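J.: Dropping a prediction and its sequence here:
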Amino acid sequence: MEWTSTILAIAALIIFFFQALTWKRRYKNKRLPPGPRGLPILGNLLMIGTKPHQYFQRLALQYGPIMHLRLGLMPTIVVSSPEAAELFLKTNDLVFASRPPQEASKYISYNQQGLIFAPYGSYWRITRKMCTLELLSNHKISTFRSMRKQELDLLVQRIREAANSGVAVDLTSMVSSFSTDVACRMIIGKKYNRDDFSEKGFEATVRETMKISSTFNLADYIPQIRGLDLQGLTKRMKAIAKDFDDFFEKILEEHVQSEYENRTKDFVDVMLGFMGSEDTEYRVERDTIKAIILDMLAASMDTSAATIDWTVAELMRHPHVTKKLQQELEEVVGTNRMVEESDLEKLEYLDMVIKESLRLHPVALLIVHAAREDCTVNGFHIPKDARVFINAWAIGRDQRAWTDADKFHPERFVGSDIDVRGQNFELIPFGSGRRICPGMQLGLTIVRLVVAQLVHCFDWKLPNNMQVTELDMTEEFGIVCPRADHLLAIPAWRLNT
Ligand code: HEM
């Protein structure tokens, strides 16, 4: 034990010495953005706390919208205003179009072979093109329309049963299961079967993966101590990676066996079609397919579910907004039927409600990019390999960009061209530039459809005479950020059917 402490202390001193030397040489005469001083070796890592987005927002008031921090040995830039975000994601998009290497993606995402964590380069470009054109195009999304309807009908039916009994439902869990089922049917062609996965369960494992991926892993920031696995994360990641790999192998095998059956082709079928093929530029290997399946499942399950949850919670806190939305639905849809996907484009107020919800509650709070080369932004030196955190949460609440920034007020979008599609930097819940979310259209369709249906079919009341002002809107920080508490509510059926 004594020996271990001595070796650790010597290692720390050596790292500190070389770090000081390297930084001095590397940044001599360079004007880095302002930021707080950090500790030797750890830099600002210990200051971040459990709500980094809020800490960075407070810090930006002091140091400005482009800040420099040192997390461990890694230079880190935090971007906190719409104008600054535009400089990184539009003006210098190509420089910042990469992702930093991460231990999590090494173990879980087949050595950064997924799309989300892939560094910028030809592999990312080809994989992204394949996903955008072959999996997430408007045409592909519409092929799964009837499946989405079936799943949503099931969700409504379950809630209606609770409404008949006058009991509360756990809306968070129900929407989350709905989202998982829709994602699984679209991507792997069937709902996930409990027996197919390890006893921990599929949803719980995806959630644990997201949790680990968003944990500030010391090994990412002080690579020299990677082997020590001080937080025990590597051990957990290896176990998770094995569970996923066993599961995906089963899925691939099932698809190969049933290749000639008459069934709707899912994402796995499409990718298997490209495996080993010389006729197409998408020549994918088995590990690429497994990494992309995981990306698609992880990226679509929680993002849509958390956005729906935040929106419904805001609607409950603002009954006058709910009433107005229900009026719009009555005018467009009527009270004799449920909402159809084809109604969505006529629902303008719904669109404003969703935008307002995504402004206050972007589920990716910090969008992480990496600098591919040295660059000067706004007169500041941004070093190659710096991690760049775009604080989408702080930008959506920027007092200079938004009046009454902390208020939920969908009417702010009346007569405004501001959209969520990456052109307006005050509202970037899907990011912007080359790495913008390729699943945006699908995500928006699911969120709009489910929110519209829940508000059209039901009136909602909080249980135990709880007041709407008591609804806790605390976030749980993560790679995807849901509300910390589950949303429990009592439904009442409101249609004439
Ligand atoms: C409300 C729903 C969603 C939100 C708010 C959301 C948000 C985001 C954000 C902020 C990014 C990072 C953008 C950047 O780095 O600039 C992203 C990336 C990504 N999203 Fe989404 N997303 C949603 C739904 C989906 C869905 C449904 C899918 C696919 C089925 C998807 C797939 C991806 C992928 C693959 C990436 C990585 C793209 C790349 O690195 O090139 N997302 N998403």
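T.: Nice, thanks for sending it over.
J.: Show the contacting residues for residue 248.
T.: Shown in contact with residue 248 (Cβ atoms under 8 Å, 6 or more residues apart in numbering): 289, 290, 293, 294. (Each C-beta comes from the backbone N, C-alpha and C, glycine too.)
J.: Assign a three-state SS to the last one, would you?
T.: The three-state label given to residue 294 by DSSP: H, G, I helix; E, B strand; the rest coil is helix.
J.: Could you export the host helix or strand of residue 172 as CSV, CA atoms only?
T.: Secondary structure assignment for residue 172, by DSSP states H and E: helix 171-187. The C-alpha trace of helix 171-187 is given here as CSV (Å, rounded to 0.1, in the frame of the first residue of the first chain):
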residue,chain,number,x,y,z
LEU,A,171,-45.7,9.0,-17.8
THR,A,172,-41.9,9.1,-17.9
SER,A,173,-41.6,5.3,-17.9
MET,A,174,-44.4,4.9,-20.4
VAL,A,175,-43.0,7.4,-22.9
SER,A,176,-39.5,5.9,-22.4
SER,A,177,-40.8,2.3,-23.2
PHE,A,178,-42.7,3.7,-26.2
SER,A,179,-39.5,5.4,-27.4
THR,A,180,-37.5,2.2,-26.9
ASP,A,181,-40.0,0.1,-28.7
VAL,A,182,-40.2,2.5,-31.7
ALA,A,183,-36.4,2.7,-31.9
CYS,A,184,-35.9,-1.1,-31.7
ARG,A,185,-38.6,-1.9,-34.3
MET,A,186,-37.1,0.6,-36.7
ILE,A,187,-33.5,-0.3,-36.2
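J.: Quick one: distance of stretch 234-241 to the chain centre.
T.: 21 Å (Cα atoms, centre = their mean, to the nearest Å).
J.: next one: stretch 375-386
T.: Using Cα atoms, centre = their mean, the offset of stretch 375-386 from its chain centre is 26 Å.
J.: now swap in stretch 97-104 and tell me
T.: Relative to the chain's own centre, stretch 97-104 is displaced by 15 Å; criterion: Cα atoms, centre = their mean.
J.: Next, see if that stretch gets close to the ligand.
T.: No. Judged by Cβ under 6 Å from any ligand atom, stretch 97-104 stays clear of the ligand, getting no closer than 6.7 Å.
J.: buried residues in that stretch?
T.: By neighbour count on 16 or more other Cβ atoms under 10 Å, the buried set for stretch 97-104 is 97, 98, 99, 100, 102, 103, 104.
J.: Beta-bridge partners for the second one, please?
T.: Going by DSSP bridges, residue 98 is paired in beta bridges with residue 370.
J.: Give me the pLDDT value at it.
T.: We have a pLDDT of 97 for residue 98.
J.: Quick one: residues contacting it.
T.: Applying Cβ under 8 Å, 6+ apart, we find residue 98 in contact with 119, 120, 369, 370, 371, 372.
J.: What separates the first and last residues of stretch 210-220, distance-wise?
T.: 16 Å (Cα to Cα, to the nearest Å).
J.: likewise stretch 424-431?
T.: 10 Å.
J.: Residues contacting it, please?
T.: Stretch 424-431 is contacted from outside by 82-83, 85-86, 89-90, 355, 358-359, 362-364, 367, 390, 392, 395-396, 398, 401-402, 417-422, 432, 436-437, 440, 443, using Cβ under 8 Å, 6+ apart.
J.: re earlier: and which of the contacts of residue 248 is nearest to residue 281?
T.: residue 289 (15.9 Å; Cβ to Cβ).
J.: now that closest one: how far from the ligand?
T.: Distance of residue 289 to the ligand, computed by Cβ to the nearest ligand atom, to the nearest Å: 14 Å.
J.: shift numbering so it begins at 738
T.: That works, and once the first residue is 738, the last one we named lands at residue 1026.
J.: In this structure that residue contacts residue 1005, no?
T.: Yes. The pair residue 1026 / residue 1005 is scored as a contact, 7.0 Å apart, by Cβ atoms under 8 Å.
J.: List the residues that are in contact with both of the two.
T.: Shared contacts of residue 1026 and residue 1005, counting by Cβ under 8 Å, 6+ apart, come down to residue 989.
J.: re earlier: so what does whichever helix or strand comes after the helix holding residue 909 touch, helix or strand wise?
T.: Using DSSP H and E, the helix or strand that follows helix 908-924 in sequence is helix 939-951. Here helix 939-951 touches helix 840-845, helix 908-924, helix 970-994, helix 1023-1054, going by 3 or more Cβ pairs under 8 Å, 6 or more residues apart in numbering; DSSP states H and E.
J.: Can you check what angle separates the very next helix or strand once past the longest one from helix 1023-1054?
T.: Following helix 1023-1054 in sequence order, the next helix or strand is helix 1056-1069 (DSSP H and E). If you take axes from the mean of the first three to the mean of the last three Cα atoms, to 10 degrees, helix 1056-1069 sits at 110 degrees to helix 1023-1054.
J.: Can you list the buried residues in helix 1056-1069?
T.: Within helix 1056-1069, the residues that qualify as buried are 1058, 1059, 1061, 1062, 1063, 1065, 1066, 1069, counting by 16+ other Cβ under 10 Å.
J.: mind giving me CSV with those and columns for pLDDT?
T.: Output for these, formatted as CSV (pLDDT from 0 to 100):
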residue, pLDDT
1058, 98
1059, 98
1061, 98
1062, 98
1063, 98
1065, 98
1066, 98
1069, 98
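J.: Including mean pLDDT and distance to residue 799, could the helices and strands packed on helix 939-951 go into TSV?
T.: Shown next, in TSV, are the helices and strands packed on helix 939-951 (pLDDT from 0 to 100; distance: least, Cβ to Cβ, whole Å):
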stretch	mean pLDDT	distance to residue 799
helix 840-845	86	31
helix 908-924	94	36
helix 970-994	90	31
helix 1023-1054	93	29
